[in-house]
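Asks: Give the three-dimensional model of this entry:
(chains A and B)
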Amino acid sequence: ILNVEQSPQSLHVQEGDSTNFTCSFPSSNFYALHWYRWETAKSPEALFVMTLNGDEKKKGRISATLNTKEGYSYLYIKGSQPGDSATYLCALRDNYGQNFVFGPGTRLSVLP
Amino acid sequence: EAGVAQSPRYKIIEKRQSVAFWCNPISGHATLYWYQQILGQGPKLLIQFQNNGVVDDSQLPKDRFSAERLKGVDSTLKIQPAKLEDSAVYLCASSFPPQGRNSPLHFGNGTRLTVT
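Replies: Down below sits the predicted model:
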């Protein structure tokens, strides 16, 4: 059974700060790692899907890396803005490609 | 494309009452998921459908929860009778078939259920 952890649980940063948070997992026995952003009163939105060790993905000011050998993924936000305030969820898709196991999320608050 | 539609957005009921949630996935998405997200925790899979067949319902409390997707399109999730610990956000999601295994999940806005 996959177990996904995320840290920190919550984070408060000032507008303009850069920040990062971690998704960790004990095994490389999975098919893909997904990052989602979930803003209050909206639906979770997919940010990245990563499958290979060493993968790096970027979308504007947000980027992510994947290290399957050591069991972690980092999400970076450069120059945080209040609109980045959301819960960031990490999920592992199992090797059968069917099920997703989510971490508890990191709640980010960007203060103006 | 239209997104995943869910209703209602909010529901408040008393314990032992019944409640039903509805989901219409993105057109063409064969796989449909129901997740339960309790405050402070990540979404937990309740049930996964592939077309109108159940792929995984191992974490569905079958004594009180039921779900169906009769025509392989929209789906309903029912709780009967509700308990206080069922208070959560219920998320519906859909995705392309397994052959598109890099496809992300597409979520609805969720239903926030409060059981008093």
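
Asks: For B:Val4, which non-adjacent residue is closest in space?
Replies: With sequence-adjacent residues excluded and distances taken as Cβ to Cβ, 6 or more residues apart in numbering or on different chains, B:Val4 is closest to B:Gly108, at 3.8 Å. Bear in mind the C-beta positions are built from the backbone N, C-alpha and C, glycine included.

Asks: what residues are up against that neighbour?
Replies: Shown in contact with B:Gly108 (Cβ atoms under 8 Å, 6 or more residues apart in numbering or on different chains): A:43, B:3-6, B:23, B:91-93.

Asks: which one of the residues you listed sits closest to A:Gly60?
Replies: Nearest to A:Gly60 among these: A:Ser43, at 19.5 Å, using Cβ to Cβ.

Asks: which SS state does the closest one fall under?
Replies: Under the three-state scheme (DSSP: H, G, I helix; E, B strand; the rest coil), A:Ser43 adopts coil.

Asks: pLDDT-wise, which helix or strand of chain B ranks last?
Replies: Ranked by mean pLDDT, DSSP states H and E, the weakest helix or strand in chain B is strand B:53-56, scoring a mean of 92.

Asks: quick one: buried residues of that one?
Replies: B:55-56 (16 or more other Cβ atoms under 10 Å in any protein chain shown).

Asks: Packing partners of that strand?
Replies: On a contact count with 3 or more Cβ pairs under 8 Å, 6 or more residues apart in numbering or on different chains; DSSP states H and E, strand B:53-56 meets strand B:44-50.

Asks: got a list of contacts for the strand it packs on?
Replies: Taking Cβ under 8 Å, 6+ apart as the rule, strand B:44-50 contacts A:98-102, B:30-38, B:54-57, B:59-60, B:65, B:67, B:69, B:72, B:75, B:77, B:90, B:97-98.

Asks: Which helix or strand contains the residue nearest in space to the middle of chain B?
Replies: Taking Cα atoms, centre = their mean, the centroid of chain B lies closest to B:Trp34, which sits 2.6 Å from it. Applying DSSP states H and E as the criterion places B:Trp34 in strand B:31-37.

Asks: how far is that strand from where the chain is centred?
Replies: Taking Cα atoms, centre = their mean, to the nearest Å, the mean C-alpha location of strand B:31-37 is offset from the chain mean by 4 Å.

Asks: That strand - contacts with which helices or strands?
Replies: strand B:19-24, strand B:44-50, strand B:75-79, strand B:88-95.

Asks: Apart from its chain neighbours, what residue comes closest to the residue nearest to the centre of chain B?
Replies: B:Leu46 (4.4 Å).

Asks: Now do that neighbour: how many residues are near it, please.
Replies: For B:Leu46, the neighbour count with other Cβ atoms under 10 Å in any protein chain shown is 20.

Asks: A:Asn29 versus that one, what's the distance?
Replies: Distance from B:Leu46 to A:Asn29, counting by Cβ to Cβ, to the nearest Å: 24 Å.

Asks: hmm, the lowest-mean-pLDDT helix or strand in chain A in reach of chain B?
Replies: For chain A, counting by mean pLDDT, DSSP H and E, strand A:100-102 ranks last in confidence among helices and strands (a mean of 91). Yes. Residues of strand A:100-102 contacting chain B under Cβ under 8 Å from any Cβ of the partner chain: A:100-102.
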